[in-house]
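> The following block contains a protein sequence and its predicted model.
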Amino acid sequence: MQLIDTKAIAEQDFPEVRVNQILIQENDIIAEMQYHPAEELELARNQAAQALVVKELLLQKARELDLNTEGQDAVENDEALIAALLSQEVKQPDADEDACFQYFKANPEKFRSPDLIAASHILLGADPSDPEERHSRQEQAETLIAQLQQDPDQFAALAMQFSDCPSKELGGEMGQLSKGSTVPEFERQVFPMEEGLCPNPVESRYGYHIVRVDKKVSGDPLEYEFVMDKIRTYLQEQVYRRSVNQYISILASSADITGIDLHGADSMLVQ
């Protein structure tokens, strides 16, 4: 989760956020910010405020319709009220067979068995909150990569000497990897690579990695019958989310909302 600098927020003069005269407490916005990481503090705060405004709109509508849920704590009750409201007000879609098959034909790259790679790495660990350490580790990674470009056979020895990952005992070998087996920021950079040594350090939350892709096996196309249920679920969820957003837009258009602009606040519903 994102660490929130509450002092920096307090020093800024943000306007009060109200929904039909109901105040969204600043402390609640600050607490919500951890779920909306952003490079800029103001952007994270705006996204958090938008989410709470949407939640308040839905809760007010549920109470207006006298929807009732009992036997739960406050948080669970709010979630139950919203679920009951959307169940009553938003139609659950159904994706027909033709729509599913057309989506399958139009997106063949999405329906393949997983790509697999065998990779080795040298992890130079660095604390995410220590920019000096991370810069130092990045420079060290670049030096080691230059060394490996001159003598690739040193990889296992350098892994045992420098790596902060237990895989150093295996010369840095990570074994067979598929998407989802490591952290997303590592996979985004490594899976598109060709076989061989990555010429640049790969940054992750753990530090900097010197990566060598030892083998790469592309996934095979899947038959329609193996993925049709997944496609149907996906299309129904997409249509449902659009319907929910349209419903939220209707509520917002007739509400008195001050202190925040909901324009562009797409898919802000609490999951």
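Ah, there it is.
> can you give me the helices for the stretch 101-250 of the chain?
With DSSP state H, counting those that start in this stretch as the criterion, the stretch 101-250 of the chain has helices at 131-150, 155-162, 184-190, 224-253.
> For the shortest one, give the mean pLDDT please.
For helix 184-190, the mean pLDDT works out to 95.
> And stretch 213-224, by the same measure?
93.
> Nearest to residue 201, out of the helices of the stretch 101-250 of the chain?
helix 131-150 (3.7 Å; CB to CB). (Glycine included, C-beta is placed from N, CA and C.)
> Only the C-alpha atoms, please, for that closest one, written as PDB.
Provided in PDB are the C-alpha atoms of helix 131-150 (Å, rounded to 0.1, in the frame of the first residue of the first chain):
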ATOM      1  CA  PRO A 131      16.700   6.800  -3.300                       C
ATOM      2  CA  GLU A 132      20.400   7.000  -2.600                       C
ATOM      3  CA  GLU A 133      20.700   3.200  -2.100                       C
ATOM      4  CA  ARG A 134      18.600   2.600  -5.200                       C
ATOM      5  CA  HIS A 135      20.700   4.800  -7.300                       C
ATOM      6  CA  SER A 136      23.900   3.100  -6.000                       C
ATOM      7  CA  ARG A 137      22.400  -0.300  -6.800                       C
ATOM      8  CA  GLN A 138      21.400   0.800 -10.300                       C
ATOM      9  CA  GLU A 139      25.000   1.900 -11.000                       C
ATOM     10  CA  GLN A 140      26.400  -1.300  -9.700                       C
ATOM     11  CA  ALA A 141      23.900  -3.300 -11.900                       C
ATOM     12  CA  GLU A 142      25.100  -1.400 -15.000                       C
ATOM     13  CA  THR A 143      28.700  -2.100 -14.100                       C
ATOM     14  CA  LEU A 144      28.000  -5.900 -13.700                       C
ATOM     15  CA  ILE A 145      26.100  -6.000 -17.000                       C
ATOM     16  CA  ALA A 146      29.000  -4.400 -18.800                       C
ATOM     17  CA  GLN A 147      31.300  -7.000 -17.200                       C
ATOM     18  CA  LEU A 148      29.000  -9.800 -18.300                       C
ATOM     19  CA  GLN A 149      28.800  -8.500 -21.900                       C
ATOM     20  CA  GLN A 150      32.600  -9.000 -22.000                       C
END
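> And that helix, what's buried?
134, 137-138, 140-141, 144-145, 148 (16 or more other CB atoms under 10 Å).
> Specify the angle between it and helix 155-162 in degrees.
150 degrees (axes from the mean of the first three to the mean of the last three CA atoms, to 10 degrees).
> circling back to that earlier point, closest one to residue 178 among the helices of the stretch 101-250 of the chain?
Comparing those by CB to CB, helix 184-190 comes nearest, at 9.2 Å.
> helices or strands up against that closest one?
strand 202-204, strand 207-217 (3 or more CB pairs under 8 Å, 6 or more residues apart in numbering; DSSP states H and E).
> Closest to the centroid, which residue in this protein?
residue 184 (8.8 Å; CA atoms, centre = their mean).
> Where does pLDDT dip in this structure?
Residues of the chain that meet the criterion pLDDT under 70 lie in 1-11, 70-75, 263-271.
> What residues does the residue nearest to residue 172 when sequence neighbours are not counted make contact with?
Among residues not flanking residue 172 along the chain, residue 159 sits closest, at 3.2 Å (CB to CB, 6 or more residues apart in numbering). Residue 159 makes contact with 120-122, 167-168, 171-172, according to CB atoms under 8 Å, 6 or more residues apart in numbering.
> one more time with 7 Å
Contacts for residue 159 (CB atoms under 7 Å, 6 or more residues apart in numbering) come out as 120, 122, 168, 171-172.
> same deal with residue 111?
104, 221-222, 227.
> Nearest to residue 82, out of these: which one, please.
Nearest member of those to residue 82, counting by CB to CB, is residue 227, at 31.1 Å.
> Once you drop chain neighbours, what's closest to the closest one?
residue 111 (4.9 Å).
> again, but for residue 136
Closest to residue 136 by CB to CB, 6+ apart is residue 126, at 7.7 Å.
> repeat for residue 231
residue 100 (4.6 Å).
> Show me which positions of the helix or strand encompassing the one you found end up buried.
Using DSSP states H and E, residue 100 falls within helix 97-106. With burial defined by 16+ other CB under 10 Å, the residues of helix 97-106 counted as buried are 100, 103-104.
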